[in-house]
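>>> pasting the sequence and the predicted coordinates here, then a few questions.
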Amino acid sequence: MSHEGDLYDDRHIAFLERLWGEGYLSPGGVDEIRRTLSGIDLAGKTVLDIGCGAGGITVELARTFGAAHVIGIDVEEPGCATARRRVAKAGLDGRVEIRKVEPGPLPLPDASVDVVFSKDSIVHIHDKDFLAREVFRVLKPGGWFAASDWLISHDGEPSPEMKTYLAAEDLDFGMASPRRYREALAAAGFTDIVLDNRNPFFRVEMRKDLARLEGPERAEFDAMLSPAEIDRQIRTWKTMIVVLDTGEHCPHLFRAHKPG
Ligand SMILES: C[S@@+](CC[C@H](N)C(=O)[O-])C[C@H]1O[C@@H](n2cnc3c(N)ncnc32)[C@H](O)[C@@H]1O
């Protein structure tokens with residue numbers, strides 16, 4: 001599916017922030033960041049945040065998790081502009097930079113960051129081998145890749161229900177299986193690869209979102225987008241819950257280590 005404009009424009013950013021919290025274009029807030037990092041200490045570290053979106057997480061990586069320097073990159077300007085405003089409001093201009101980039105190689109030198117973080121963004125990067133190699137390249141020896149992403153449970157043809165969901169979502173997703181991710185990370189040279197299936201969390205969260213979209217807040221959501229667009233979002237959430245319930249849609253957290 002090709003798009004004329006941004007997938008995440010200002011109105012959709014505002015809609016997702018209303019659902020998931022200011023600065024967040026994915027669910028789970030600070031708790032999911034903490035779970036993704038799972039003990040990786042960011043204090044004094046340089047961190048790359050791939051797909052920073054509206055910058056809520058990028059700011060927290062510095063403010064709450066103590067990173068000395070965070071580089072948030074994203075391919076869309078509306079997200080970057082929102083993120084820059086958020087960084088300035090948090091008084092973190094000296095420690096957090098937001099860069100609009102082109103899809104492709106990461107715009108950083110070899111061995112230049114301690115941790116690469118990403119939340120629910122690399123689903124947009126279809127070539128997982130290329131992604132794993134690039135993340136490995138920019139990490140310093142001993143560094144960590146800690147990410148959350150939207151995965152499909154298997155490598156074969158998506159089920160008809162999954163195809164219906166992906167068509168409804170219409171966000172140019174390139175979902176991979178846990179096996180595919182593990183292979184790509186190992187082939188790039190990563191060790192200590194751990195994957196954690198977040199399907200149970202998403203089954204609960206997406207039901208909460210759907211109840212809000214159909215509940216008393218509906219009029220406010222309608223005003224942010226349009227009644228037709230909220231109907232479309234509701235259809236998307238319903239088709240997503242079907243494939244979350246079968247387990248085919250299985251967002252995962254994962255961590256991988258670049259040997260020191
Ligand atoms: C669902 S949002 C998540 C944003 C943020 N990480 C969060 O959790 O709030 C996905 C983001 O990935 C960005 N994105 C898409 N393709 C990308 C690429 N090749 N490199 C970096 N970011 C990309 C989108 O523009 C969007 O801002």
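It's in. Source: prediction; values computed, not measured. Residues are numbered from 1 along each chain as shown.

>>> grab the nearest non-local neighbour of residue 192.
Leaving out its chain neighbours, the residue that sits closest to residue 192 by CB to CB, 6 or more residues apart in numbering is residue 257, at 4.0 Å. All C-beta spots, glycine's among them, are computed from the backbone N, C-alpha and C.

>>> list the contacts of the one you found.
With contacts defined as CB atoms under 8 Å, 6 or more residues apart in numbering, the neighbours of residue 257 are 142-145, 190-193.

>>> neighbours of residue 48, how many?
By other CB atoms under 10 Å, the residues close to residue 48 number 28.

>>> oh sorry, the question was meant for residue 250
22.

>>> cool, residue 102 as well?
For residue 102, the count of nearby residues is 8 (other CB under 10 Å).

>>> try residue 72
30.

>>> helix, strand, or coil at it?
Under the three-state scheme (DSSP: H, G, I helix; E, B strand; the rest coil), residue 72 adopts strand.

>>> spatially nearest residue to it, not counting backbone neighbours?
That would be residue 52: by CB to CB, 6+ apart, it lies 3.1 Å from residue 72.

>>> can you list the residues of this protein near the ligand?
Residues of the chain lying close to the ligand by CB under 6 Å from any ligand atom are 8, 24-26, 50-53, 56-57, 73-76, 79, 103, 119-121, 124-125.

>>> which stretches in the stretch 151-260 of the chain count as helices?
Ranges of helices in the stretch 151-260 of the chain, per DSSP state H, counting those that start in this stretch, are 160-169, 178-188, 199-214, 218-224, 227-246.

>>> dump these to CSV, plus mean neighbour count, distance to residue 131 and mean pLDDT.
Formatted as CSV, the helices of the stretch 151-260 of the chain follow (neighbours: other CB atoms under 10 Å; distance: least, CB to CB, whole Å; pLDDT from 0 to 100):
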stretch, mean neighbour count, distance to residue 131, mean pLDDT
helix 160-169, 16, 19, 96
helix 178-188, 18, 7, 98
helix 199-214, 16, 22, 98
helix 218-224, 14, 32, 96
helix 227-246, 17, 23, 97
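
>>> columns distance to residue 98 on top of the ones you listed, output as TSV?
What follows is the helices of the stretch 151-260 of the chain, written out as TSV (distance: least, CB to CB, whole Å):
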stretch	distance to residue 98
helix 160-169	25
helix 178-188	26
helix 199-214	26
helix 218-224	24
helix 227-246	27
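
>>> pLDDT weak spots in the stretch 1-150 of the chain?
For the stretch 1-150 of the chain, the stretches flagged by pLDDT under 70 are 1-4.

>>> SS state for the nearest residue to residue 260 once chain neighbours are set aside?
Once flanking residues are discounted, residue 260 sits nearest to residue 142: 3.3 Å by CB to CB, 6+ apart. Recorded secondary structure, residue 142: strand (three-state DSSP).

>>> one step back: list buried residues within the residues of the chain next to the ligand.
Neighbour counting over the residues of the chain next to the ligand (16 or more other CB atoms under 10 Å) leaves 8, 24-26, 50-53, 56-57, 73-76, 79, 119-121, 124-125 as the buried ones.

>>> nearest to the ligand: which residue in this structure?
Taking CB to the nearest ligand atom, the ligand has its nearest neighbour within the chain at residue 53, 2.6 Å off.

>>> that residue and residue 20 touch, don't they?
No - checked against CB atoms under 8 Å, the pair residue 53 and residue 20 is beyond contact range at 10.3 Å.
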